[in-house]
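Chemist: Provide a 3D model corresponding to the input given below.
(chains A and B)
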Amino acid sequence: QQQVKQSPQSLIVQKGGISIINCAYENTAFDYFPWYQQFPGKGPALLIAIRPDVSEKKEGRFTISFNKSAKQFSLHIMDSQPGDSATYFCAASRGSSNTGKLIFGQGTTLQVKP
Amino acid sequence: DAGVIQSPRHEVTEMGQEVTLRCKPISGHNSLFWYRQTMMRGLELLIYFNNNVPIDDSGMPEDRFSAKMPNASFSTLKIQPSEPRDSAVYFCASSLAFTTGPGGSPLHFGNGTRLTVT
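Modeler: Residues are numbered from 1 along each chain as shown, chains lettered A, B, ... in the order given. Alright, predicted model coming up:
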């Protein structure tokens, strides 16, 4: 029940295309859902996060869509750029305890071709 | 803001040796986390501290692992004795957790220590 399942494992997108990464969770007590971006040799960095009281959050080219009833959330990267090539992790936590106590998905390696 | 600082960046050691990883959290943050990243298990939480006190160490794999936070600006993760299966990237992260009510600031990760045990 503590797992967060992420798909696909890898993704190749043309420059300018839309990248979509999906995650599903089981624990209904989760109430904080961040996405992290990781470049080789670096630590994960927060990209965008959402709480279940909204169905969508947009920051620039990055959008989280959240479906509480289905217990799924997804990251959409619009107008994907080569600089977006990285590994993306979804995560979940119970904000009532500590938003840093995260359960991570397995990661998606995104390659954006020029 | 210097971010979370970890040292060393790389550590190569022989099986059976003691390994100590170090972390300096972001100034003002009151929560500190140690995560481990491997290909097989992904990113997993080992232990976290609030206000220098260990809160949850359920992710620490074995008694060979120990972590301390003697003050707000320093933490160590020690493995003794080390084994080849401990080879991984170890991340330290920090955040500002609210002491009253839910939520907090985002989690900020250091750049990790890549540990290789031969």
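
Chemist: contacts, neighbours, all on C-alpha from now
Modeler: Will do.

Chemist: Check which strands are paired with the least confident helix or strand in chain A by mean pLDDT and give the direction for each one.
Modeler: Least confident helix or strand, chain A: strand A:45-50 with a mean of 92, by mean pLDDT, DSSP states H and E. With DSSP bridges as the test, strand A:45-50 is paired with strand A:33-38 (antiparallel).

Chemist: nearest residue to residue B:71 other than its sequence neighbours?
Modeler: residue B:52 (6.2 Å; CA to CA, 6 or more residues apart in numbering or on different chains).

Chemist: For residue B:31, see how far away the one you found is.
Modeler: In this view, residue B:52 and residue B:31 are 8 Å apart by CA to CA, to the nearest Å.

Chemist: For the two, indicate the residue with more neighbours.
Modeler: More neighbours surround residue B:31 than the other of residue B:52 and residue B:31, with 28 against 18 (other CA atoms under 10 Å in any protein chain shown).

Chemist: Surely the more buried one and residue B:50 touch.
Modeler: Yes. With contact defined as CA atoms under 8 Å, residue B:31 reaches residue B:50; the gap is 4.5 Å.

Chemist: Show me whatever sits in contact with both of those two.
Modeler: Counting by CA atoms under 8 Å, 6 or more residues apart in numbering or on different chains, the residues touching both residue B:31 and residue B:50 are residue B:97.

Chemist: Touching, the residue nearest to residue B:71 and residue B:73? I think so.
Modeler: No. At 9.1 Å, residue B:52 and residue B:73 do not qualify as touching, with contact defined as CA under 8 Å.

Chemist: residues contacting residue 49?
Modeler: Because you didn't say which chain, this covers chain A. Here residue A:49 is in contact with A:32, A:33, A:34, A:35, A:57, A:64 (CA under 8 Å, 6+ apart).

Chemist: that's the wrong chain, I wanted chain B
Modeler: Counting by CA under 8 Å, 6+ apart, residue B:49 has contacts B:31, B:32, B:33, B:55, B:56, B:69.

Chemist: residues in chain B within reach of chain A, list them.
Modeler: B:31, B:33, B:41-45, B:48, B:91, B:94-95, B:97, B:101-112 (CA under 8 Å from any CA of the partner chain).

Chemist: What about those residues, which are in strands?
Modeler: B:31, B:33, B:42, B:43, B:44, B:45, B:48, B:91, B:94, B:95, B:108, B:109 (DSSP state E).

Chemist: Selecting buried members of those in ChimeraX, what would you type?
Modeler: To isolate the buried ones among these in ChimeraX, judged by 16 or more other CA atoms under 10 Å in any protein chain shown, type:
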select /B:31,33,43,44,45,48,91,94,95,108,109
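
Chemist: Distance to residue A:94 for the ones in strands among the residues of chain B next to chain A - can I get that in a markdown table?
Modeler: Converted to a markdown table, these look like this (distance: CA to CA, whole Å):
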| residue | distance to residue A:94 |
| --- | --- |
| B:31 | 15 |
| B:33 | 15 |
| B:42 | 20 |
| B:43 | 17 |
| B:44 | 16 |
| B:45 | 14 |
| B:48 | 14 |
| B:91 | 21 |
| B:94 | 17 |
| B:95 | 15 |
| B:108 | 17 |
| B:109 | 19 |
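
Chemist: For residue A:76, give its distance to residue A:49.
Modeler: Using CA to CA, one gets 12 Å for the distance from residue A:76 to residue A:49.

Chemist: Next, show the common contact partners of those two.
Modeler: Common neighbours of residue A:76 and residue A:49, using CA under 8 Å, 6+ apart, are residue A:64.

Chemist: buried stuff in whatever helix or strand residue B:67 lives in?
Modeler: Here residue B:67 sits within strand B:65-71, counting by DSSP states H and E. For strand B:65-71, burial by neighbour count (16+ other CA under 10 Å) applies to B:65, B:66, B:67, B:68, B:69.
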